[in-house]
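*Asks:* below are the sequence and a predicted model for it; my questions follow.
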Amino acid sequence: MTPAATPLPRRDAILLLAVLGTGVFLAGLELMITAVALPAIVTDIATWTRLREASWIINGYLLVYVVTMPIAGRLADLHGARRLFLAALVVFTLGSLLAGAAPSLELLIAARLVQGVGGGALIPVATAAAAHLFDDHSRPRALGVIGALTFLGMAAGPFLGAAILGAFHPDAALARLGLEPGSAAASLLVPAWRWVFYVNVPIGIVALVIAWAASSGWETPRRTGRVDLVGALLFSAFLAGALGALTLLGATGGGAAAGPDPAVVSVVLLLAALVAGPLFIVRGLRVRDPFIDPRLFRSAPFSGAVLVSGLTGYAFATAIVGGAVFVDRVLYGGADEQRLALGALAGATAAGALLSGFAVRLLSLRLVTIAGLVASIAALWIMAAWTPETTIAGAALPLALFGAGFGLTVTPRSTAAVSAVPVESYGTASSTVTVARMVGMAVGLAILTAYGSTTIDRLYDQVYATPEAYRLYVPASLRDRPLRDPLVVEALEAWAAGEAARIMVGVFLVAAAVTAAAIPPGLLLGSRRASQPRMLDDASAAHGTARATDGPASAGADPDGLEPTESGLAL
């Protein structure tokens, strides 16, 4: 293992932390902002008959993102976080540029895969770099900043996406400049959805220049080892199979001409996941440097951090998507209402994550985590009581409460995870916790997609089963009017809003139950305040590296995972 570089001056360290935060904000932003732009993208460069293919604009990004994170965490341990962070910024910025300029659906999906590689590397590498950049009392606050900006980016995605699509009109600007609508320049700049991707480019370039200058002469410790590509392929097969099977739940076939029966495809995907999953675990136990090391889970605090991250990730996806759908489909809110509701969630999530970095200095990791989980459960319970009569303020307040509670769990789980492993494994530990959150979000989105699609199909069949079926869902006074009558349409919309509100009750209650399931593992994070270990000196670093090669079983962490002993971390 290479010795640690000379610590940066505090001003440079803070500047570099700001750049790291910018990178994770952009990576988190892209996870959700594209979901808002998807309808506009499909309308412009595809058709709704290709919606299943177009869904890979999001699913492809998410899959590559999740798989890249552990690889990036391992590479940060092996080759240092500084150069890897700079490379990730380059790849992400290039992918954003290619996605914005994509002339076809196929090229857009390919560009999104490039984006996913860069975005998936940014978060674990930035987290590992921040953990090395600051030590002692400053580390929890630094991790809190990274966590706050990560979740602010994810929560702000729908908010910013709606603002770009609703308020930005590049076609009007080009007309004022005298450019023809069909010109080459216009095809690269119009319509507005392209700027959902272009917005990352100038920010990424500026962040790259500042990071290069601020981190000159600094690098994180490095160790010898390898990257487990076979493990990555097995994990990818497991995740793709499981998410694909979940997404197809409730789907019905459309005849031989429509392609394979979704039920058959779902079974095949599920079998692939059931085969790849155990093989992945067996390989992880047998190789020296696995893609995700199952042996890390021998530490109770680490296991608790991963479980809390995954379960709360499910609830986070439910809150974002469910809140957006409720405001749009039940309250029929416009851009201003969407910005208010989603902005409350975004701001509160960031504030809660930032506050958690300070709270763990005064309170135990366990107490801060449980407080955040209780607040999230209470918010989801309130959200389950939403009706079409709920006001925008009535929707924004519980979303803010959920965001604050979710944010409070950020630093405790990150701190518990990195404190339970040797210093040379910070990248691996932080990436594993992040992977768990993203997998939880992916599962949540897959279940919401399956449940929502099945329910929409059922309601559509109810209303349009026969030419007269709609009369059962409108007031008696309107049953003699035709289906296209404005009053009938309004009545059906009111009925649909009520049905959507009732659907959301179950969605939020399930998310509350999943969040409650995170309480037992949350109790494993530690009963004392966070006591951050100092960085290794050269001799103890070499000792810690030698022991780490035998696997986490030799880490020697105490039961709370807060004061690692001879694993190479010294108090």
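*Replies:* Ah, there it is. Residues are numbered from 1 along each chain as shown.
*Asks:* tell me how far the residue most central in space within the chain lies from residue 64.
*Replies:* With distances taken as C-alpha atoms, centre = their mean, the residue of the chain nearest its centroid is residue 438 (4.8 Å). Relative to residue 64, residue 438 is positioned 11 Å away (C-beta to C-beta, to the nearest Å). All C-beta spots, glycine's among them, are computed from the backbone N, C-alpha and C.
*Asks:* circling back to that earlier point, skipping its backbone neighbours, what lies nearest the residue nearest to the centre of the chain in space?
*Replies:* Once flanking residues are discounted, residue 438 sits nearest to residue 66: 4.8 Å by C-beta to C-beta, 6 or more residues apart in numbering.
*Asks:* what is the burial count for residue 291?
*Replies:* 26 (other C-beta atoms under 10 Å).
*Asks:* now it: closest residue in space, sequence neighbours ignored.
*Replies:* Closest to residue 291 by C-beta to C-beta, 6+ apart is residue 231, at 3.1 Å.
*Asks:* contacts for whichever strand or helix holds the one you found?
*Replies:* In the assignment (DSSP states H and E), residue 231 maps to helix 229-247. Outside helix 229-247, the residues that touch it by C-beta atoms under 8 Å, 6 or more residues apart in numbering are 59, 63, 66-67, 70-71, 265-267, 269-274, 276-277, 279-280, 283-284, 287, 290-292, 439, 442-443, 446-447, 449-450.
*Asks:* just the CA trace of it, in CSV.
*Replies:* In CSV, the C-alpha atoms belonging to helix 229-247 read as follows (Å, rounded to 0.1, in the frame of the first residue of the first chain):
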residue,chain,number,x,y,z
LEU,A,229,-15.1,-8.8,-13.4
VAL,A,230,-16.7,-12.2,-13.2
GLY,A,231,-18.4,-11.2,-10.0
ALA,A,232,-19.6,-8.0,-11.7
LEU,A,233,-21.1,-10.0,-14.5
LEU,A,234,-22.9,-12.4,-12.1
PHE,A,235,-24.2,-9.5,-10.1
SER,A,236,-25.4,-7.8,-13.3
ALA,A,237,-27.2,-10.9,-14.3
PHE,A,238,-28.8,-11.2,-10.9
LEU,A,239,-29.9,-7.6,-10.8
ALA,A,240,-31.1,-7.4,-14.4
GLY,A,241,-33.1,-10.7,-14.0
ALA,A,242,-34.7,-9.7,-10.7
LEU,A,243,-35.6,-6.1,-11.8
GLY,A,244,-36.9,-7.4,-15.1
ALA,A,245,-39.1,-10.0,-13.4
LEU,A,246,-40.5,-7.5,-11.0
THR,A,247,-41.2,-5.0,-13.7
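*Asks:* need the nearest residue in space to residue 358, chain neighbours excluded.
*Replies:* Excluding its sequence neighbours, the residue lying closest to residue 358 (C-beta to C-beta, 6+ apart) is residue 141, at 6.4 Å.
*Asks:* from residue 91, how far off is the one you found?
*Replies:* Residue 141 is 29 Å from residue 91, by C-beta to C-beta.
*Asks:* also residue 352?
*Replies:* In terms of C-beta to C-beta, residue 352 sits 30 Å off from residue 91.
*Asks:* so between these two, which is more surrounded?
*Replies:* A side-by-side neighbour count of residue 352 and residue 91, using other C-beta under 10 Å, places residue 352 first with 29 against 21.
*Asks:* so which strand or helix has residue 484?
*Replies:* Residue 484 belongs to no helix or strand, assigned by DSSP H and E.
*Asks:* how many other residues sit next to it?
*Replies:* Neighbours around residue 484, by other C-beta under 10 Å: 7.
*Asks:* on that earlier part again, which strands and helices sit next to the helix or strand harbouring the residue nearest to the centre of the chain?
*Replies:* Per DSSP H and E, residue 438 falls inside helix 426-464. Packed against helix 426-464 by the contact rule (3 or more C-beta pairs under 8 Å, 6 or more residues apart in numbering; DSSP states H and E) you find helix 56-79, helix 105-133, helix 229-247, helix 300-325, helix 410-419, helix 486-516.
*Asks:* can you tell me which of these is most buried?
*Replies:* helix 410-419 (a mean of 32; mean count of other C-beta atoms under 10 Å).
*Asks:* for that one, what is the distance to the chain centroid?
*Replies:* In terms of C-alpha atoms, centre = their mean, to the nearest Å, the centre of helix 410-419 is found 17 Å from the chain centre.
*Asks:* next, the angle from it to helix 300-325.
*Replies:* 150 degrees (axes from the mean of the first three to the mean of the last three C-alpha atoms, to 10 degrees).
*Asks:* counting by contacts, list what helix 410-419 packs against.
*Replies:* Short answer (3+ C-beta pairs under 8 Å, 6+ apart): helix 410-419 packs on helix 138-167, helix 300-325, helix 335-362, helix 365-383, helix 426-464.
*Asks:* format these as a markdown table; extra columns: distance to residue 132 and mean pLDDT.
*Replies:* A markdown table is the format used below for the helices and strands packed on helix 410-419 (distance: least, C-beta to C-beta, whole Å; pLDDT from 0 to 100):
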| stretch | distance to residue 132 | mean pLDDT |
| --- | --- | --- |
| helix 138-167 | 9 | 77 |
| helix 300-325 | 19 | 88 |
| helix 335-362 | 16 | 82 |
| helix 365-383 | 20 | 94 |
| helix 426-464 | 7 | 75 |
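*Asks:* residue 223: which of those helices is closest?
*Replies:* helix 426-464 (10.0 Å; C-beta to C-beta).
*Asks:* where does the prediction get shaky in the stretch 151-300 of the chain?
*Replies:* 155, 172-175, 177-186, 221-222, 224-225, 250-259 (pLDDT under 70).
*Asks:* kindly report the same for the stretch 1-150 of the chain.
*Replies:* Checking the stretch 1-150 of the chain against pLDDT under 70 turns up 1-7, 35, 39, 46-53, 55, 136.
*Asks:* I'd say residue 203 and residue 27 touch.
*Replies:* No: look at residue 203 against residue 27 with C-beta atoms under 8 Å: they stay out of range, at 11.6 Å.
*Asks:* between those two, which is the more surrounded one?
*Replies:* residue 27 (29 against 17).
*Asks:* does that one really touch residue 127, like I thought?
*Replies:* No: the criterion here is C-beta under 8 Å, and residue 27 misses it with residue 127 at 11.1 Å.
*Asks:* circling back to that earlier point, let's have the helices and strands packed on helix 410-419 in a markdown table, adding distance to residue 397.
*Replies:* Shown next, in a markdown table, are the helices and strands packed on helix 410-419 (distance: least, C-beta to C-beta, whole Å):
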| stretch | distance to residue 397 |
| --- | --- |
| helix 138-167 | 15 |
| helix 300-325 | 11 |
| helix 335-362 | 7 |
| helix 365-383 | 8 |
| helix 426-464 | 22 |
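*Asks:* so which of those helices gets nearest residue 226?
*Replies:* helix 426-464 (12.9 Å).
*Asks:* check contacts around residue 94.
*Replies:* By C-beta under 8 Å, 6+ apart, the contact set of residue 94 is 114, 118.
*Asks:* and for residue 438 and residue 64, which residues touch both?
*Replies:* Contacts common to residue 438 and residue 64, judged by C-beta under 8 Å, 6+ apart, are absent.
*Asks:* can you tell me how far residue 404 is from residue 156?
*Replies:* 15 Å.
*Asks:* assign the residue of the chain positioned farthest from its centre to helix, strand or coil.
*Replies:* Going by C-alpha atoms, centre = their mean, the residue of the chain most distant from its centre is residue 480, 49.2 Å out. Under DSSP: H, G, I helix; E, B strand; the rest coil, residue 480 falls in the coil class.
*Asks:* and the closest residue to residue 459 other than its chain neighbours, what's its pLDDT?
*Replies:* Distance criterion C-beta to C-beta, 6+ apart; nearest residue to residue 459, sequence neighbours excluded, is residue 499 at 6.0 Å. In this prediction, residue 499 carries a pLDDT score of 70.
*Asks:* ok, the one 10 residues further on next?
*Replies:* At residue 509, the model reports a pLDDT of 91.
*Asks:* roughly how far apart are the closest residue to it other than its chain neighbours and residue 398?
*Replies:* Leaving aside its chain neighbours, residue 509 sits nearest to residue 384 (4.9 Å; criterion: C-beta to C-beta, 6+ apart). Taking C-beta to C-beta as the measure, residue 384 and residue 398 are separated by 10 Å.
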